[in-house]
Every structure is written in structure tokens, then in C-alpha cells.
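Novice: next input, structure requested:
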Amino acid sequence: MDRTGLTYNTEKEQIVISEYGRCIQEMIKKLPEIEDREQRTEAARYIISVMVQMNPGIKQSSDYEHKLWDHLYMISGYNLDLDSPYAPPTPAEQQKKPQHIGYQNNDIKYGHYGQYLIKMIEAAAAEPNDDVREALAYSLAGQMKRNYIEWNKSVVNDQVIIDDLKALSGGRLVITDESKLNGNGEQQGKSQPQPKQQQQGKKKKKKVPNLKANMNNPNNPAYKKRMQELGKL
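Specialist: Residues are numbered from 1 along each chain as shown. The predicted model follows:
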């Protein structure tokens with residue numbers, strides 16, 4: 001096969017920013033060949049306008065024009081002499097890695113309850129008032145049971161919740177009456193939707209015979225009677 005004048009994309013230069021395509025990259029590579037600086041800058045502005053059309057999603061950024069000029073320099077290999085409205089970027093700036101934000105090292109033994117609930121248990125355990133601490137214990141136990149069911153999608157024994165609450169609170173939150181533990185995920189006092197009553201069927205109207213049409217039917221007794229009255233039969 002004669003491949004004269006034919007080249008595959010895999011044989012061409014790699015695209016620097018794929019969002020703009022190979023044609024934009026080839027246009028930018030031609031910019032240094034323009035000797036006049038003003039004409040070169042004007043051509044760059046035209047290429048910027050085409051880049052917006054090729055990648056319209058970039059307009060969602062507030063500083064998208066600055067990014068477009070930076071991308072122009074990056075695609076050119078940082079080899080452009082233009083009257084750019086922004087300072088040209090350098091390869092060192094683009095290759096600089098952002099600072100690592102680090103990972104959370106919170107060791108949660110009971111992850112299915114969630115970190116915030118465990119912090120609430122710790123705060124409730126520090127409550128000095130016995131009555132308030134007892135009320136908080138039942139409330140937190142109910143939330144623990146809902147979280148457990150939501151996470152595991154299965155029924156949990158109340159004793160498991162009571163033991164976990166006691167362990168997390170350091171023995172300061174104790175459930176003494178299991179019957180008060182409401183953690184099935186349902187809201188009390190909310191009535192269940194009642195099934196809709198079946199609509200009573202409407203009485204069908206009796207069909208009224210069309211007397212006018214039947215009076216023209218010779219086989220109708222009413223027609224014969226009418227004709228006899230008129231003396232036509």
C-alpha cells in the first residue's frame with residue numbers, strides 16, 4: 001500500500017491538551033513563524049476565540065481568559081513572544097505539585113454509628129445532671145439503632161445497642177428499660193397511610209329508546225298503532 005502523504009495520528013506529535021484538538025495545536029505551533037509581533041498577537045487572539053468554541057466548558061470558570069492564555073503558552077511549549085494581557089506561565093509553575101492536605105487519622109472503632117454520634121455520646125457522658133444524662137442516653141440509643149439498621153440493613157438486638165452505648169460512654173450512659181428504646185427507624189405518632197377506598201361505581205343510566213327513530217320502523221308496534229290512528233292502515 002502506497003502511504004505517500006498519509007500519516008496516522010499515532011505517528012504525529014502528542015496532543016498537549018486534548019480538549020482543544022490537534023488542529024488548534026498545529027495553529028499554535030505556526031504562531032512563531034509570523035515575524036510581525038502585532039500580527040502574531042492578533043493571530044493568537046483569534047486562536048483564543050476558537051479555543052473557547054472547542055472547549056466551552058472553560059467559561060464556567062471566573063478567570064477562564066487567563067486559563068486560555070496559559071493553555072496557549074503550554075501548547076506552544078512556552079515558546080511564544082506575544083503582547084499577552086497576562087504574565088506568561090513557566091514550566092516550573094505548571095509542574096509544581098500542590099501541597100498534600102493529609103488524611104484523617106481518626107480511629108473509629110464503631111464506624112457504623114458515625115463520628116458525630118460518637119462525639120455526641122462523649123458530650124452526653126460528661127453531663128453532670130443524672131436525669132438529663134439518662135434522657136440523652138435513651139435518645140442516643142435510639143439514634144444508634146437507626147444508624148445500625150441503615151448501615152447493615154438488618155435487625156439488631158437492643159442489647160447490642162445498650163452494650164455499645166455503655167462501652168462508648170465509659171459506663172456513664174446506661175439503659176435500664178429496653179421497652180423505651182425506639183430505634184426501628186419509624187417515626188412515632190405518624191399514622192400509616194390508609195388504603196384508598198374503592199370508589200363506588202356510578203349507576204349506569206338506562207338506555208332510553210330513540211322513539212323518533214323507532215316510529216319510522218314499520219316493524220315497530222308503535223308505528224303500526226300510529227298509522228292506524230291516522231287511517232293509513
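Novice: only C-alpha atoms for contact and neighbour calcs from this point on.
Specialist: Fine.
Novice: please enumerate the helices of this protein.
Specialist: If you assign secondary structure with DSSP state H, the helices in the chain sit at 21-30, 37-54, 64-76, 91-95, 115-125, 130-152, 158-168, 211-214, 221-229.
Novice: packing partners of the fifth one?
Specialist: For helix 115-125, the elements it packs on are helix 130-152, helix 158-168, judged by 3 or more C-alpha pairs under 8 Å, 6 or more residues apart in numbering; DSSP states H and E.
Novice: turn those helices into a markdown table, including mean pLDDT and mean neighbour count.
Specialist: Compiled in a markdown table, the helices and strands packed on helix 115-125 are given as follows (pLDDT from 0 to 100; neighbours: other C-alpha atoms under 10 Å):
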| stretch | mean pLDDT | mean neighbour count |
| --- | --- | --- |
| helix 130-152 | 91 | 18 |
| helix 158-168 | 92 | 17 |
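Novice: adding distance to residue 89, write these out as a markdown table.
Specialist: Shown next, in a markdown table, are the helices and strands packed on helix 115-125 (distance: least, C-alpha to C-alpha, whole Å):
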| stretch | distance to residue 89 |
| --- | --- |
| helix 130-152 | 49 |
| helix 158-168 | 54 |
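Novice: so which of those helices gets nearest residue 27?
Specialist: helix 130-152 (55.5 Å; C-alpha to C-alpha).
Novice: where does the prediction get shaky in this structure?
Specialist: Filtered on pLDDT under 70, the chain yields the residue ranges 1-5, 180, 182-219, 231-233.
Novice: switch the cut-off to 50
Specialist: Counting by pLDDT under 50, the chain has low-confidence residues at 183-192.
Novice: domain assignment for it?
Specialist: For the chain, whose domains are defined here by automatic domain parsing, the residue ranges read 10-95, 115-180.
Novice: so of the ones you listed, which one's packed in deepest?
Specialist: Of all the domains of the chain, domain 115-180 carries the top mean neighbour count, a mean of 16, counting by mean count of other C-alpha atoms under 10 Å.
Novice: can you report phi and psi for the closest residue in space to residue 162 that isn't next to it in sequence?
Specialist: Distance criterion C-alpha to C-alpha, 6 or more residues apart in numbering; nearest residue to residue 162, sequence neighbours excluded, is residue 175 at 6.1 Å. As for residue 175, its main-chain torsions (degrees, to the nearest 10) stand at phi -100, psi 120.
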